[in-house]
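# Next comes the sequence, and after it the predicted model I'd like to discuss.
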Amino acid sequence: TEGVRFAHEVHPSEIAYDYWTTQRALEAVDHRPAFGLNFDPSHFVWQDLDPVGFLYDFRDRIYHVDCKEARKRLDGRNGRLGSHLPWGDPRRGWDFVSAGHGDVPWEDVFRMLRSIGYDGPVSVEWEDAGMDRLQGAPEALRSLKAYDFEPPTTAFDAAFAGGDN
């Protein structure tokens with residue numbers, strides 16, 4: 001159907017899980033406009049990928065944004081692959097946590113989204129094995145709203161152009 005778009009989540013175990021596999025997936029579908037991306041920075045964090053650079057490089061393909069968080073604890077014993085330990089186990093090298101409690105650079109993410117002109121859906125995808133969802137989900141939303149500030153209406157240095165300042 002015309003107008004239908006697909007937003008693939010860049011996620012380990014999927015056809016596109018990092019920068020280069022995303023590039024190859026887009027090449028495989030001949031860069032069809034219907035094939036876009038669901039951006040979820042939590043998967044970038046534990047893989048040591050740059051979520052902000054990814055947003056810029058794939059700016060024309062970001063069709064949806066999930067605000068989900070991850071925190072790394074790579075201390076020489078806890079591994080990146082999770083060691084088949086359950087979510088929330090402190091021996092894991094990384095885990096999903098409520099937005100605002102991890103390693104996603106949210107301010108940089110939202111500034112980049114604004115910079116690339118993204119105006120699509122933004123959702124809170126809440127996963128945290130150590131926090132009750134009734135507390136964590138509303139707290140995550142409040143935390144993320146701090147980055148929903150208005151961009152300036154004039155260029156920064158234009159404020160000084162009048163001579164009266």
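Nice, I can see it.
# Could you report the separation of residue 139 from residue 14?
Residue 139 is 29 Å from residue 14, where distance means C-beta to C-beta, to the nearest Å. For the C-beta atoms, the positions are set from N, CA and C on the backbone; glycine is no exception.
# do the same with residue 107
Taking C-beta to C-beta, one finds residue 107 at 27 Å from residue 14.
# Please apply the same query to residue 154.
Residue 154 is 43 Å from residue 14, by C-beta to C-beta.
# what about the strands in the chain?
Ranges of strands within the chain are 6-9, 35-39, 62-67, 69-72, 94-97, 122-124, based on DSSP state E.
# Distance from the chain centre to the last one, please.
In this view, strand 122-124 has its centroid 10 Å away from the chain centroid, taken as C-alpha atoms, centre = their mean, to the nearest Å.
# In its sheet, which strands sit next to that strand, and in what direction?
Note on strand 122-124: by DSSP bridges, its sheet partners are strand 62-67 (parallel).
# contacting residues for the closest residue in space to residue 88 that isn't next to it in sequence?
In this structure, residue 88 finds its nearest non-sequential neighbour in residue 129, 3.0 Å apart by C-beta to C-beta, 6 or more residues apart in numbering. With contact set as C-beta atoms under 8 Å, 6 or more residues apart in numbering, residue 129 has these partners: 86, 87, 88, 95, 96.
# can I get these in JSON lines with distance to residue 5, neighbour count and pLDDT?
Output for the contacts of residue 129, formatted as JSON lines (distance: C-beta to C-beta, whole Å; neighbours: other C-beta atoms under 10 Å; pLDDT from 0 to 100):
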{"residue": "86", "distance to residue 5": "35", "neighbour count": "10", "pLDDT": "95"}
{"residue": "87", "distance to residue 5": "31", "neighbour count": "12", "pLDDT": "93"}
{"residue": "88", "distance to residue 5": "35", "neighbour count": "13", "pLDDT": "93"}
{"residue": "95", "distance to residue 5": "31", "neighbour count": "25", "pLDDT": "96"}
{"residue": "96", "distance to residue 5": "26", "neighbour count": "24", "pLDDT": "95"}
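# Relative to residue 76, which of these is nearest.
residue 95 (17.0 Å; C-beta to C-beta).
# Among the contacts of residue 129, which one sits closest to residue 63?
Nearest member of those to residue 63, counting by C-beta to C-beta, is residue 96, at 22.1 Å.
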